[in-house]
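[1] Output the structure for:
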Amino acid sequence: MKRWGAGSAIAASGLVLLLSASCTGGKESNAAEEELPKKNPIATATVVSTAQATPSVDAQKTLKDISRAIPIYAGAQYRDDLTRRDEVMIRNQYGPQSRVYTMATDDSYPQVYHYYTTYLAQFRAYPPQIPYPPEQQNWRTLEVQLNQAMQDPFIPGDTMQVSGQQITLQVAETEAEPKTVIRYIVTPGPIPTAAGAGASTNAVAGK
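    Below is the predicted model:
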């Protein structure tokens with residue numbers, strides 16, 4: 001009886017091992033090795049189609065459609081996040097019909113200032129400016145009404161229409177990245193200004 005009991009136990013143990021090997025392909029299973037569930041293809045397709053349905057803003061093309069003569073700094077990139085932030089301020093100041101396209105660059109304010117003032121210097125309607133802003137100013141801004149400033153060029157070329165959509169250029173130095181912000185404010189009609197045609201300012205603002 002003892003021999004039979006021992007033999008039965010060994011046989012039962014072998015049967016368990018055999019069944020276990022047939023279920024796992026001859027090796028022990030490990031939960032960490034199990035294949036992760038695949039992503040839902042329907043959900044992925046939905047995300048892609050939604051992204052494609054949202055049109056990206058081509059600020060440079062939009063501005064050039066208004067006038068080919070509008071100067072755009074080569075190192076500046078359109079920033080949708082900064083544009084959305086500026087929209088409230090711009091509409092409060094210039095009216096609900098106005099819109100803004102905000103660009104940014106890591107180039108320094110003097111570099112950007114030099115580009116715009118040099119470009120605008122070819123128009124007699126733009127008051128002469130120093131080539132670089134004063135170094136003693138810690139916070140610098142430039143504002144130009146382009147329709148008024150870009151008239152009567154020294155070199156024959158494109159000018160902006162005085163009537164129609166108005167473009168106001170604002171360049172501002174920042175304290176962080178990006179270093180310089182460039183705004184193009186578009187309004188449907190002439191903008192009244194007490195400073196006169198083609199006025200530009202270099203103002204010190206509080207931090």
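[2] can you list the domains in the chain?
    2-33, 57-187 (automatic domain parsing).
[3] Following the chain onward from the helix or strand of the chain with the lowest mean pLDDT, which element is next?
    For the chain, the helix or strand with the lowest mean confidence is helix 41-53, at a mean of 42 (criterion: mean pLDDT, DSSP states H and E). The first helix or strand that comes after helix 41-53 along the chain, using DSSP states H and E, is helix 59-66.
[4] list the helices and strands that next one packs on?
    Packing contacts for helix 59-66, counted by 3 or more Cβ pairs under 8 Å, 6 or more residues apart in numbering; DSSP states H and E, involve strand 99-105, strand 180-187. Every residue, glycine included, has its C-beta placed from N, CA and C.
[5] rerun that using 10 Å as the cut-off
    Contacts of helix 59-66 with other secondary structure elements, assessed using 3 or more Cβ pairs under 10 Å, 6 or more residues apart in numbering; DSSP states H and E, are made with strand 77-78, strand 99-105, strand 166-173, strand 180-187.
[6] after the second one, next one along is what?
    Read it as strand 99-105. Sequence-wise, the next helix or strand beyond strand 99-105 is helix 109-120, with elements assigned using DSSP H and E.
[7] What average pLDDT does that next one get?
    Per-residue pLDDT values over helix 109-120 give a mean of 95.
[8] Pull that helix out as CSV, backbone CA atoms only.
    Listed in CSV are the C-alpha atoms of helix 109-120, where the atom choice follows Å, rounded to 0.1, in the frame of the first residue of the first chain:
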residue,chain,number,x,y,z
TYR,A,109,15.5,93.8,-29.5
PRO,A,110,18.3,96.0,-31.0
GLN,A,111,18.6,93.5,-33.9
VAL,A,112,14.8,93.6,-34.6
TYR,A,113,14.6,97.4,-34.1
HIS,A,114,17.5,97.9,-36.6
TYR,A,115,15.8,95.8,-39.2
TYR,A,116,12.5,97.6,-39.1
THR,A,117,13.9,101.2,-38.8
THR,A,118,16.3,100.5,-41.6
TYR,A,119,13.5,99.1,-43.8
LEU,A,120,11.2,102.0,-43.1
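[9] What separation do you get for I90 and L82?
    12 Å (Cβ to Cβ, to the nearest Å).
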